[in-house]
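[1] what's the 3D shape of this:
(one chain, ligands or ions: 1)
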Amino acid sequence: MSASTSPKKSPNSSTSTLQEAIDLVIKATEEDKNKNYAEALGLYESAIEYFQYAMKYEMPTERAKESIQAKCQQYIDRAEKLDEYLKKPPNSTTTFQEAIDLVTKATEEDKKHNYTEAVRLYESAVEYFQNAMKYEMPTERAKESIQAKCQQYIDRAEKLDEYLKKPPNSTTTLQEAIDLVTKATEEDRNHNYAEAVRLYESAVEYFQYTMKYEIQNEEAKESIRTKCQQYIDRAKKIEEYLESKNNIGSDTDDDSGSTKRKMMDKMEGVIVTEKPNVRWDDVAGLEGAKATLKEAVIMPIKSQHMFTCKKPTWTGILLFGPPGSGKSFLAKAVATEAVSSTFFSVSSPNLISKWIGESEQQVRALFDMAREHKPSIIFIDQVDALLASRSEKESESARRIKTEFLFQMQGVDNQNDGVLVLGETNMPWVLDSAIRRRFEKWVYIPLPEAPARTSMFRLNLGDTPNSLNDQDYKELGFSTDGFSGADINIVVREALMQPIRKVQSTTHFCKVSAPSSNNPNVLVHDTLTPCTPDTPGAMEITWEQVPWDKLHVPLLSMNDMRKSLANIKPSINEEDLERIKKFIEDFGQEK
Ligand SMILES: Nc1ncnc2c1ncn2[C@@H]1O[C@H](COP(=O)(O)OP(=O)(O)OP(=O)(O)O)[C@@H](O)[C@H]1O
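    Sure thing, here's the model as predicted:
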């Protein structure tokens with residue numbers, strides 16, 4: 001700290017030195033705030049001298065002395081910090097701008113999967129931020145926010161570091177990527193869209209890492225790339241949807257607009273207005289159910305002009321049947337094919353947990369919106385969770401939701417014309433009898449028969465390259481008695497992983513003739529594919545030792561399907577089926 005002279009004061013001076021010291025501190029703080037650090041430093045130093053003089057000659061009380069000393073210490077600290085800052089070489093590089101530039105570069109490298117460089121840059125950026133905070137003295141609030149940001153960069157650098165430290169042959173990233181996609185799809189299905197987007201994005205990141213460091217084979221890479229593009233597209237679509245939903249809520253500034261917006265906010269995760277993309281042809285089998293729904297839902301919407309007098313429409317249709325039999329899937333097809341209608345999809349379990357306490361208001365808002373946007377379809381997934389028989393144990397809130405639903409479904413003065421409530425349940429027997437009556441039409445969705453199961457295998461495999469023939473598909477259909485559509489979906493997903501696993505786990509490769517990876521029209525005879533040790537010409541090598549352009553990932557085969565089938569059992573048990581059978585005996589399949 002630079003030396004300064006004692007205040008030139010006479011003991012008789014009219015202004016007290018203490019007052020002058022205080023004035024100096026006020027000025028010092030002002031200059032400090034205006035970043036005139038040299039001026040601030042001089043003023044702090046003078047103020048300290050004045051305070052010390054005052055303490056010596058103006059004899060304040062002991063308590064005042066103590067407080068002055070504490071204050072002086074603060075000014076001394078601040079002055080020292082300023083002094084240190086001012087002594088920094090003029091071209092010092094510890095500036096915020098440089099720290100920010102480093103973070104920008106780190107993020108770029110991170111995105112390009114140059115993780116080693118990204119870690120280095122993140123770490124340097126944090127160091128620069130810390131130095132800058134020391135010398136450039138931001139406000140406390142700015143400091144807090146910089147520290148929080150730094151923590152994020154440290155976390156990211158640690159995560160990347162962890163990746164980089166994995167043994168070079170590690171195959172776990174691929175598994176992690178697959179797990180992430182599985183979770184993303186689940187969240188997506190449960191309408192937890194924000195979480196689904198996050199998971200899809202992480203999965204893509206993991207896949208990209210495996211493509212860079214783990215997988216050399218171009219075919220496998222190509223297939224992963226295609227999948228990644230699907231996940232990116234899906235994440236984008238969800239983001240667009242979330243944005244558009246916010247816009248629906250913000251399209252008016254008046255009171256009713258803002259109330260609607262509040263309602264929409266509360267409904268987030270509970271109601272989805274996005275149109276699914278499932279066509280009739282995507283639904284295997286269920287021809288009877290499709291015909292009923294076409295007649296009951298699509299026809300009245302499509303040909304309104306045909307019905308000049310009373311329209312034969314239904315206001316409540318219930319799809320019931322065993323779990324995973326395609327009820328929701330079929331409802332999605334209805335929503336897609338009923339082009340001009342608005343689709344509201346409500347997940348009952350989410351609704352119950354999120355609307356507790358606000359129940360009837362939200363139910364009313366849902367129906368109001370449906371009426372406003374008619375023709376519309378309100379699809380209620382797992383309607384049993386929402387509208388089960390009244391019981392002693394149910395909460396007051398659940399009771400109120402149910403009562404309001406009953407009231408709204410009933411509608412007054414034809415106000416529900418053009419609004420269809422489409423419910424689905426796998427436990428129709430638990431429904432409240434009044435609710436059962438509100439669903440005027442019941443459609444049974446059974447487990448698929450063999451031909452429908454065969455179609456499901458075809459639909460699920462889509463255009464994935466495979467070596468299955470018609471006979472294999474038939475066999476798959478026949479050998480999966482008791483499997484639901486959801487079970488078959490799992491079997492196929494599991495089978496799709498087999499070729500990649502085979503490549504990664506095999507100990508031997510042998511030469512086969514296959515299209516060249518550089519030109520698929522040319523057949524080459526030296527590509528390597530997994531084989532058993534006793535195959536003639538088998539070489540004991542791992543997949544990492546095979547040059548990428550020579551690796552031939554085996555096509556998905558019937559054996560892969562059989563392997564997958566051996567591990568997956570039907571999810572519906574006899575007891576569930578008995579219960580449904582009994583219900584049909586009591587109430588019939590359709591009404
Ligand atoms: N008939 C079908 N055609 C094609 N795919 C089907 C069919 N049925 C089911 N699936 C597949 O199974 C998945 C699960 O089906 P879905 O969610 O419709 O079952 P659900 O009957 O609504 O089950 P839950 O009663 O448990 O709600 C679908 O996403 C679809 O991939």
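
[2] Once you drop chain neighbours, what's closest to whatever residue of the stretch 201-350 of the chain ends up closest to the ligand?
    In the stretch 201-350 of the chain, the residue that lies nearest the ligand is residue 326 (2.5 Å; Cβ to the nearest ligand atom). Placement of C-beta: from N, CA and C, glycine included. Residue nearest to residue 326 in three dimensions, not counting chain neighbours: residue 485, with 4.5 Å by Cβ to Cβ, 6 or more residues apart in numbering.

[3] Verify the contact between that neighbour and residue 445 for me.
    No: look at residue 485 against residue 445 with Cβ atoms under 8 Å: they stay out of range, at 9.5 Å.

[4] follow-up on the earlier one: got the contact list for the residue of the stretch 201-350 of the chain closest to the ligand?
    Taking Cβ atoms under 8 Å, 6 or more residues apart in numbering, we find residue 326 in contact with 283, 284, 286, 445, 448, 484, 485.

[5] residues near the second one, how many?
    Using other Cβ atoms under 10 Å, residue 284 is surrounded by 22 other residues.

[6] what's the answer for the fourth one, then?
    Counted with other Cβ under 10 Å, residues neighbouring residue 445 total 24.

[7] quick one: it from the ligand, how far?
    6 Å (Cβ to the nearest ligand atom, to the nearest Å).

[8] and what of residue 533?
    Distance, residue 533 to the ligand, by Cβ to the nearest ligand atom: 39 Å.

[9] Using the three-state scheme, assign that residue.
    The local conformation at residue 533, judged by DSSP: H, G, I helix; E, B strand; the rest coil, is coil.

[10] Tell me the backbone dihedrals of it, please.
    As for residue 533, its main-chain torsions (degrees, to the nearest 10) stand at phi -60, psi -30.

[11] Now the two most distant members of the contacts of residue 326.
    283 and 484 (13.3 Å; Cβ to Cβ).

[12] Compare those two (neighbour count), which wins?
    For the pair residue 283 and residue 484, the greater number of neighbours falls to residue 484 (25 against 22), based on other Cβ under 10 Å.

[13] Return the residues in contact with that one.
    322, 323, 324, 325, 326, 447, 448, 570, 571, 572.

[14] cool, and residue 103?
    121, 122, 125, 149, 153.

[15] count of neighbours near the second one?
    Meaning residue 122. 27.

[16] before we move on, the earlier item: now render the contacts of residue 103 as JSON lines, adding pLDDT, secondary structure and distance to the ligand.
    Shown next, in JSON lines, are those (pLDDT from 0 to 100; DSSP: H, G, I helix; E, B strand; the rest coil; distance: Cβ to the nearest ligand atom, whole Å):
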{"residue": "121", "pLDDT": "89", "secondary structure": "helix", "distance to the ligand": "43"}
{"residue": "122", "pLDDT": "90", "secondary structure": "helix", "distance to the ligand": "40"}
{"residue": "125", "pLDDT": "87", "secondary structure": "helix", "distance to the ligand": "44"}
{"residue": "149", "pLDDT": "85", "secondary structure": "helix", "distance to the ligand": "41"}
{"residue": "153", "pLDDT": "89", "secondary structure": "helix", "distance to the ligand": "40"}
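
[17] ok, which pair from these is furthest apart?
    Pairwise distances across these peak at 14.2 Å for 121 and 149 (criterion: Cβ to Cβ).

[18] For the two, indicate the residue with more neighbours.
    A side-by-side neighbour count of residue 121 and residue 149, using other Cβ under 10 Å, places residue 121 first with 23 against 16.

[19] Excluding chain neighbours, what is closest to residue 160?
    Using Cβ to Cβ, 6+ apart, the closest residue to residue 160 is residue 115 (4.6 Å).

[20] Surely that neighbour and residue 164 touch.
    Yes: between residue 115 and residue 164 there is a contact at 5.7 Å, judged by Cβ under 8 Å.

[21] Looking only at neighbour counts, state which of the two leads.
    Each of residue 115 and residue 164 has its neighbours counted (other Cβ under 10 Å); residue 115 has more, 19 against 13.

[22] what's that one in contact with, if anything?
    Per Cβ under 8 Å, 6+ apart, neighbours of residue 115: 109, 160, 163, 164, 209.

[23] among the residues you listed, which are in helices?
    109, 160, 163, 164, 209 (DSSP state H).

[24] coming back round to it: so which of the contacts of residue 115 comes closest to residue 62?
    residue 160 (58.1 Å).

[25] what about the closest one, distance to the ligand?
    Going from residue 160 to the ligand by Cβ to the nearest ligand atom gives 35 Å.

[26] how is this protein carved up into domains?
    17-86, 96-165, 172-244, 266-444, 450-571 (automatic domain parsing).

[27] Residue 567 reaches residue 493, doesn't it?
    No: with contact defined as Cβ under 8 Å, residue 567 does not reach residue 493; the gap is 11.9 Å.

[28] Which one's more surrounded, these two?
    Between residue 567 and residue 493, counting by other Cβ under 10 Å, residue 493 is the more crowded of the two (16 against 10).

[29] Skipping its backbone neighbours, what lies nearest the more buried one in space?
    residue 460 (7.8 Å).

[30] Count residues in the vicinity of the one you found, would you?
    Residues near residue 460, counting by other Cβ under 10 Å, number 18.

[31] for it, helix, strand, or coil?
    Per three-state DSSP, the local secondary structure of residue 460 is helix.

[32] Now do residue 174 against residue 215, distance only.
    Computed as Cβ to Cβ, to the nearest Å, the residue 174 to residue 215 distance reads 7 Å.

[33] I meant to write residue 102 there.
    The value you get for residue 102 to residue 215, if Cβ to Cβ is used, is 31 Å.

[34] Look at these two and report which has more neighbours.
    residue 215 (26 against 21).

[35] Near the closest residue to residue 27 other than its chain neighbours, how many residues? Count them for me, please.
    Spatial nearest neighbour of residue 27, excluding adjacent residues (Cβ to Cβ, 6+ apart): residue 43 at 5.1 Å. By the criterion of other Cβ under 10 Å, residue 43 has 23 neighbours.

[36] Tell me the secondary structure at the residue nearest to residue 480 when sequence neighbours are not counted.
    Spatial nearest neighbour of residue 480, chain neighbours left out: residue 453 (5.1 Å); criterion: Cβ to Cβ, 6+ apart. State at residue 453, reduced to three classes by three-state DSSP: helix.

[37] what about residue 453, how many neighbours?
    By other Cβ under 10 Å, the burial measure for residue 453, its neighbour count, is 27.

[38] next one: the one 3 residues further on
    Other residues near residue 456 number 28, with proximity taken as other Cβ under 10 Å.

[39] quick one: which helix or strand includes it?
    helix 450-461 (DSSP states H and E).

[40] Report pLDDT for the nearest residue to residue 277 once chain neighbours are set aside.
    Once flanking residues are discounted, residue 277 sits nearest to residue 336: 6.0 Å by Cβ to Cβ, 6+ apart. Residue 336 is assigned 85 on the pLDDT scale.

[41] My read is that residue 336 contacts residue 281, right?
    No: contact criterion Cβ under 8 Å: residue 336 and residue 281 do not qualify, at 10.8 Å.

[42] So between these two, which is more surrounded?
    Per other Cβ under 10 Å, whichever of residue 336 and residue 281 has more neighbours is residue 336, with 16 against 10.

[43] do you know how far the more buried one is from residue 215?
    Distance of residue 336 to residue 215, given as Cβ to Cβ: 36 Å.

[44] Tell me who's in contact with residue 279.
    333, 336, 337.

[45] can you rerun that using 10 Å?
    332, 333, 336, 337 (Cβ atoms under 10 Å, 6 or more residues apart in numbering).

[46] which pair in these spans the largest distance?
    Once Cβ to Cβ is applied, the contacts of residue 279 give 332 and 337 as the farthest pair, at 9.6 Å.
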